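Peer 1: please work out how this folds:
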Amino acid sequence: MSEQTRKAAIEPMLSVRNGAKAVEFYKTAFSAEELFRLEDNGAVVAQLAVGGAVFWLADESPEHMNFSPETLGGGTIRLVIIVDDPDAAFATAVAAGAKVVRPVVDEPYRWRVGRVVDPFGHHWEIGKPLG
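Peer 2: As a prediction, this is how the structure comes out:
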């Protein structure tokens, strides 16, 4: 297989202010599995997976132009988690400390979805397509 036809993967890396606390939040809120973790002087870089979907997080490092939504006053992306039971997953995230942006509802475009913002400023849409 040539380099040009090799399958690619995109794994977002979230910048946060407290990496250790963020890892624990995502484990509780989304049942994330910790795949990799590096700590250096209190700063964390970690790779997590939710149902096989991989993402990274790291403590923000302004010296490398990596800023958290808390520092910027908001984020630039929303992450989407597709699950079999959005209502249960949404409730778990809220119980773990996420704030409701929009409750789970059936949308006219045939999705059941709601949105939360985690304690680190990242927005997560939790839903599934409807039949």
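
Peer 1: for the closest residue to Met13 other than its chain neighbours, the count of nearby residues, please.
Peer 2: Of all residues not flanking Met13 in the chain, Trp56 sits nearest, at 3.9 Å (C-beta to C-beta, 6 or more residues apart in numbering). Quick note: C-beta positions are derived from backbone N, CA and C, even for glycine. Using other C-beta atoms under 10 Å, Trp56 has 15 neighbouring residues.

Peer 1: residue contacts, Trp56?
Peer 2: Going by C-beta atoms under 8 Å, 6 or more residues apart in numbering, Trp56 touches Glu11, Pro12, Met13, Leu14, Val45, Ala46, Gln47, Leu48.

Peer 1: now with 6 Å?
Peer 2: Glu11, Met13, Gln47 (C-beta atoms under 6 Å, 6 or more residues apart in numbering).

Peer 1: distance from the helix or strand where Gln47 lies to the middle of the chain?
Peer 2: Gln47 is part of strand 43-50 when elements are defined by DSSP states H and E. Centroid displacement of strand 43-50 relative to its chain, using C-alpha atoms, centre = their mean, to the nearest Å, is 10 Å.

Peer 1: in it, what's buried?
Peer 2: For strand 43-50, a neighbour-count test (16 or more other C-beta atoms under 10 Å) marks Val44, Val45, Ala46, Gln47, Leu48, Ala49, Val50 as buried.

Peer 1: what count of nearby residues applies to the closest residue in space to Leu72 that isn't next to it in sequence?
Peer 2: With sequence-adjacent residues excluded and distances taken as C-beta to C-beta, 6+ apart, Leu72 is closest to Gly121, at 8.0 Å. Number of residues near Gly121 (other C-beta under 10 Å) recorded here: 18.

Peer 1: where does Gly121 sit: helix, strand or coil?
Peer 2: Judged by DSSP: H, G, I helix; E, B strand; the rest coil, the three-state class of Gly121 is coil.

Peer 1: all the strands of the chain, residue numbers only.
Peer 2: Under the criterion DSSP state E, the chain carries strands at the ranges 13-16, 33-40, 43-50, 53-59, 78-82, 99-106, 111-117, 123-129.

Peer 1: who wins for proximity to Thr71 among those strands?
Peer 2: The closest of the strands of the chain to Thr71 is strand 13-16. By C-beta to C-beta, the value is 8.2 Å.
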